[in-house]
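# just need the structure, nothing else, for what follows:
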Amino acid sequence: MKKNWPYYIVLLLVVVFLYRVSQEASQKQIDWDENYTGASKSPFGCYVAKDFIENMLSSKVEDVDLTVYQKLSEGAHINENYVFVNTDFAPSKQDVTQLCKFVSSGNTVFISARNFGALADTLKIDVGDPLMYDIHQDSISTFSGAVNSGSAFAEANLVNPNLHLSKNASFDHTTYSVIFTKLDTNKTIVLGTGSENLANYVSVSFGKGKFLLHTLPDAFGNYYAADRSTSKYLFRCLSYLQDRPTYFDEHYKVGRIENKDSRRYLLSEPALKLGYLIVVIAGLIGLFFGGKRRQRPVPIVVPPSNSTLEFVEQVGVLYYNQGNHADIVRKKINYFLESIRSRFFTQTNIFDDKFLERMENLSGTPKDQVRHLFATVDYLRNSQGCGEKDLKNLDKLIWEFNKRSKR
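Alright, predicted model coming up:
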C-alpha cells in the first residue's frame, strides 16, 4: 500500500483535470468561426439556410463532400443546381472546367463567397472592398462619405421589384463585405446590391445555363438566416434557384472534418468528444499502471560451457608437466590405429606388404609415405623409451597421412 501512494496521487490529479475539463465543456461558448457547413448550428453555420433550400424545393437536396471534378465527372447532369457557400471559393483549374461544362449543359450554379478564385478569370469578373471602391472615385465628397461610413456593417437588397425589400437587410455582425468591381455587361444581369447601390449579386449567362454569384456569404449564416429582419433577404436570394435536384457543397469549407476520419461525428459533438477523451486517457492510465504491476524481470540463461575442451586442456597440461612422452606416444598410436580400423575396415596387428598395399590403395597416399609412417609406428610401439623428438615426428607423419587420405 505504501509503495503505491505515488500512483494514487497521479490518479487523483487526472480525475481533477477531467472534472475541470468537463466543467468548462459544459459551459457552452458561442463559436463565431465561419464554417458554412450544412450540419453546423453555430452562428455562421448553414443549418438554417440548408433547411430553407430543402423546404423551398420539392426536389432532392444532396450533400456533396467531393471536389467539383470528382462529382460532375460521374456521368451526365441535366436540369440540376449546385450550391456553394463559403468565405472563399477556390476551385482548381480542372474544377472550373468541369463546372463550366455543367453550366453550359443548362444547369445552374449558385456561389456565395467573397472571392471566386480561378472562376473569376473565366467569367471576366472581379470583386473588391466597397470602401476602397469609393475612395478610388474622383470626388472629394465621395471620399469623405466613404471614410465616415467605413465597413462597420453590410446592407443588401434585391433589384427585382417583386423581390425588393422595403428596407435594406442589415447585417450588423458583418465587418467585411465585397462588391463586384468588374463585370462582363454582355452576359451579366445585376440581381442585388449592397450599400451605395453597388452590385453584390449577379447572374452570368454561360452556354445554356447560368452562374448566380453572391458576395455576402454571411447572409447564409444561422445568425442571420434565423433572424426575421434578414431571413427574408436570404429566402428571396434563393428564389432564383429552379425547383430541380440540387447539390449542396460540403467540400470547399473552412476547417471541415475529412470524411476519411471515422471519428468525425464523435469529434463534432462536445459531449461525445469529452467522453472519447476520457476513454482514451483512462485507457492510457490502465496500460501504464497495468504494465507496472505485471512486469517481471527476465532471467538470464547462461549457455552451457564446453567442458570437453576444458578436460582436454587440463589433461594436456598434466602430460606436459609430467614429461611422459612414451605414454603419450602409446596413446597416440592406439588412437591412430583405431581410426585406421574404423575408416578402412582392416586389421592392424601386422604391418606386412599386403597391409601396406591395402593402405596405399584405400587412402591414395604415396607408397613411400605409407611405409615410412607404419615403420615409425611399429618401431615406437615396441620401443621402451621415447623422447619429445619422437613424439613430434609421429604427430607430423600422422597429420600428413590424414591430410592426404581419401577417407
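# all helices of the stretch 1-150 of the chain, in order?
Remark: helices assigned in the stretch 1-150 of the chain by DSSP state H, counting those that start in this stretch are 5-26, 47-56, 68-72, 93-104, 118-123, 130-135, 140-149.
# helices or strands next to the fourth one in the packing?
In this structure, helix 93-104 packs against helix 68-72, strand 108-112, helix 118-123, strand 199-206, strand 209-214, with contacts taken as 3 or more C-beta pairs under 8 Å, 6 or more residues apart in numbering; DSSP states H and E. For every residue, glycine as well, the C-beta is placed using N, CA and C.
# out of these, the one nearest K101 is which?
Smallest distance to K101 across the helices and strands packed on helix 93-104 (C-beta to C-beta): 7.3 Å, for helix 68-72.
# if you average pLDDT over the closest one, what comes out?
The pLDDT scores in helix 68-72 average 93.
# quick one: buried residues of it?
V68, Y69, K71, L72 (16 or more other C-beta atoms under 10 Å).
# pick out whichever of those residues sits closest to P130.
Using C-beta to C-beta, the buried residues of helix 68-72 come closest to P130 at V68, 29.0 Å.
# what sits against the closest one?
For V68, the contacting residues are Y82, P91, D95, V96, Q98, L99, F102, by C-beta atoms under 8 Å, 6 or more residues apart in numbering.
# next one: L241
If a contact means C-beta under 8 Å, 6+ apart, then L241 has I53, M56, L57, N81, V83, T108, F110, L212 as its contacts.
# one step back: adding distance to Q347 as columns, could you present the buried residues of helix 68-72 in TSV?
Shown next, in TSV, are the buried residues of helix 68-72 (distance: C-beta to C-beta, whole Å):
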residue	distance to Q347
V68	100
Y69	96
K71	98
L72	100
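# and the closest residue to A118 other than its chain neighbours, how far from Y252?
Sequence neighbours aside, V96 is the residue nearest to A118 in space, at 5.0 Å (criterion: C-beta to C-beta, 6 or more residues apart in numbering). Counting by C-beta to C-beta, to the nearest Å, the separation of V96 from Y252 is 12 Å.
# neighbour count winner among the two?
Counting neighbours by other C-beta atoms under 10 Å for V96 and for Y252 shows that Y252 has the greater number, 23 against 20.
# so what pLDDT did the more buried one get?
Looking at Y252, its pLDDT is 88.
# same question for K273.
77.
# how far away is it from N222?
21 Å.
# swap in A169?
15 Å.
# ok, L272 next?
21 Å.
# one more: E357?
Separation of E357 from N222 (C-beta to C-beta): 114 Å.
# which residue of those two possesses the greater neighbour count?
Between E357 and N222, counted using other C-beta under 10 Å, the more crowded position is N222 (20 against 13).
# got the contact list for T376?
By C-beta under 8 Å, 6+ apart, the contact list for T376 reads N393, L394, L397.
# can I get the buried part of the residues you listed as one ChimeraX selection?
With 16+ other C-beta under 10 Å as the criterion, this ChimeraX line picks the buried residues out of the contacts of T376:
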select :394,397
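# looking at the contacts of T376, which is nearest V61?
Checking the contacts of T376 against V61 with C-beta to C-beta, the nearest one is L397 at 104.6 Å.
# re earlier: please check the contacts of L241 and keep the buried ones.
For those, buried by 16+ other C-beta under 10 Å: I53, L57, N81, V83, T108, F110, L212.
# identify the residue spatially nearest to the fifth one, adjacent ones excluded.
Yep, that's T108 we're talking about. N81 (5.0 Å).
# partner residues bridging that neighbour?
Per DSSP bridges, the residues bridged to N81 are T108, T246.
# that one is in contact with Y240, isn't it?
No - counting by C-beta atoms under 8 Å, N81 stays clear of Y240, with 10.0 Å between them.
# between those two, which contacts overlap?
Common contacts of N81 and Y240, defined by C-beta under 8 Å, 6+ apart, comprise F110.
# N162 - that's part of a strand, no?
No - applying DSSP: H, G, I helix; E, B strand; the rest coil, one finds N162 to be coil, outside a strand.
# residues near it, how many?
7.
# distance check, it against S239.
9 Å.
# over to S229?
From S229 to S239 the distance is 18 Å (C-beta to C-beta).
# with F248 instead?
For F248, the distance to S239 - C-beta to C-beta - is 17 Å.
# which of those two has more neighbours?
F248 (21 against 13).
# which residues sit against stretch 341-358?
In contact with stretch 341-358 (C-beta under 8 Å, 6+ apart) are residues 337, 340, 359, 362-363, 367, 370-371, 374-375, 377-378, 405, 407.
# repeat that with 6 Å
Residues outside stretch 341-358 that contact it (C-beta atoms under 6 Å, 6 or more residues apart in numbering): L337, I340, L362, V370, R371, F374, D378, R407.
# which members of the residues you listed occur in helices, if any?
L337, I340, L362, V370, R371, F374, D378 (DSSP state H).
# pull out the buried members of these.
L337, I340, L362, V370, R371, F374.
# excluding chain neighbours, give the residue nearest to the last one in space.
Okay, so that is F374. Leaving aside its sequence neighbours, F374 sits nearest to F351 (C-beta to C-beta, 6+ apart; 4.6 Å).
# from T376, how far off is that neighbour?
For F351, the distance to T376 - C-beta to C-beta - is 11 Å.
# helices of the stretch 151-300 of the chain, start to end?
Along the stretch 151-300 of the chain, counting by DSSP H, counting those that start in this stretch, helices occupy 222-225, 228-238, 264-268, 270-294.
# among the ones you listed, which is nearest T185?
Here helix 228-238 is closest among these (C-beta to C-beta), at 21.5 Å.
# can you name every helix or strand that that closest one contacts?
When contacts are defined as 3 or more C-beta pairs under 6 Å, 6 or more residues apart in numbering; DSSP states H and E, helix 228-238 sits against helix 222-225.
# kindly recompute the last result at 7 Å.
Where contact means 3 or more C-beta pairs under 7 Å, 6 or more residues apart in numbering; DSSP states H and E, helix 228-238 is packed against helix 47-56, strand 169-171, helix 222-225.
# in the last one, what's buried?
Right, helix 222-225. Buried-residue list, helix 222-225, by 16+ other C-beta under 10 Å: N222, Y223, Y224, A225.
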